[in-house]
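Asks: Okay, predicted coordinates and the sequence, questions at the end:
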Amino acid sequence: MSWNVAQAKQHLSEVLRLAAEEPQVIYNRSRPVAAVIPAQDLEAFQAWKTGQQAPQRTLVEEFAILRALAEGDDDPIPETDRFATMRPNAFEEMLDEEYP
């Protein structure tokens, strides 16, 4: 159910009772200005918001953590030399042919 500000003031106890079932939106001049929700929903939202604000680790940091966890075992994510197995480069081959 939706309420305008005046109705919400007059029927506050009903707004609070109904909020236990579903959020109660309060409007001011046809624009939503507030919502009354159960306290446990607010706590869940605040916990989610705190988790969103935690600094994110980079992919390199995540791999370092995985390697540290696997310490002593065979490395599940071995570091490889990217340039040990180079694929043919058509542009480089063309330059070698044109300018030996």
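Replies: The structure has been received and is ready for your questions.

Asks: Centre of the chain to the lowest-mean-pLDDT helix or strand in the chain, how far?
Replies: When each helix and strand of the chain is scored by mean pLDDT, DSSP states H and E, helix 59-69 comes last, with a mean of 85. Centroid separation between helix 59-69 and its chain, computed with CA atoms, centre = their mean, to the nearest Å, is 20 Å.

Asks: could you say what helices and strands that helix packs with?
Replies: Judged by 3 or more CB pairs under 8 Å, 6 or more residues apart in numbering; DSSP states H and E, helix 59-69 is in contact with no other helix or strand. (Glycine included, C-beta is placed from N, CA and C.)

Asks: which parts of that helix are buried?
Replies: Buried residues in helix 59-69, defined by neighbour count with 16 or more other CB atoms under 10 Å: none.

Asks: C-terminal to that helix, what's the next element?
Replies: helix 90-98 (DSSP states H and E).

Asks: Next, residue 22: secondary structure please.
Replies: Look at residue 22: counting by DSSP: H, G, I helix; E, B strand; the rest coil, its state is coil.

Asks: Quick check: it vs residue 60, distance?
Replies: Using CB to CB, to the nearest Å, residue 22 is found at 45 Å from residue 60.
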